[in-house]
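Chemist: build me a model:
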Amino acid sequence: MSKSSAKSTPMSSQAAARIQSSTAKANGGQVPAGSFAARAQSAAATNQSGAKGSK
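Modeler: Predicted coordinates:
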């Protein structure tokens, strides 16, 4: 199934937490650096900080 919509939804901290939790459960408590879960957490942090005090 193709996801070719013009809108994108920013990563929320809640969504990133769910992704990280799932990844950690699958990897014995570890979230590998550079994994999708790690990038999701980074994106959520960027989105959250950008929304509060950006130009």
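Chemist: enumerate the positions of the helix or strand of the chain with the lowest mean pLDDT that are buried.
Modeler: Every helix and strand in the chain was compared by mean pLDDT, DSSP states H and E; the lowest is helix 36-53, with a mean of 87. Neighbour-count burial for helix 36-53, counted by 16 or more other Cβ atoms under 10 Å, picks out A37, A38, A40, Q41, A43, A44. Placement of C-beta: from N, CA and C, glycine included.
Chemist: mind putting these into TSV with distance to N27?
Modeler: Below are the buried residues of helix 36-53 laid out as TSV (distance: Cβ to Cβ, whole Å):
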residue	distance to N27
A37	9
A38	11
A40	15
Q41	15
A43	20
A44	19
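Chemist: could I have stretch 36-50 exported to PDB, CA atoms only?
Modeler: Provided in PDB are the C-alpha atoms of stretch 36-50 (Å, rounded to 0.1, in the frame of the first residue of the first chain):
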ATOM      1  CA  PHE A  36      13.900   3.700  13.500                       C
ATOM      2  CA  ALA A  37      13.000   4.000  17.200                       C
ATOM      3  CA  ALA A  38      16.000   6.200  17.900                       C
ATOM      4  CA  ARG A  39      15.300   8.400  14.900                       C
ATOM      5  CA  ALA A  40      11.700   8.700  15.900                       C
ATOM      6  CA  GLN A  41      12.700   9.900  19.400                       C
ATOM      7  CA  SER A  42      15.000  12.400  17.800                       C
ATOM      8  CA  ALA A  43      12.300  13.700  15.500                       C
ATOM      9  CA  ALA A  44       9.800  14.000  18.300                       C
ATOM     10  CA  ALA A  45      12.300  16.000  20.400                       C
ATOM     11  CA  THR A  46      13.000  18.300  17.400                       C
ATOM     12  CA  ASN A  47       9.300  18.800  16.800                       C
ATOM     13  CA  GLN A  48       8.600  19.500  20.400                       C
ATOM     14  CA  SER A  49      11.500  22.000  20.800                       C
ATOM     15  CA  GLY A  50      10.700  23.700  17.500                       C
END
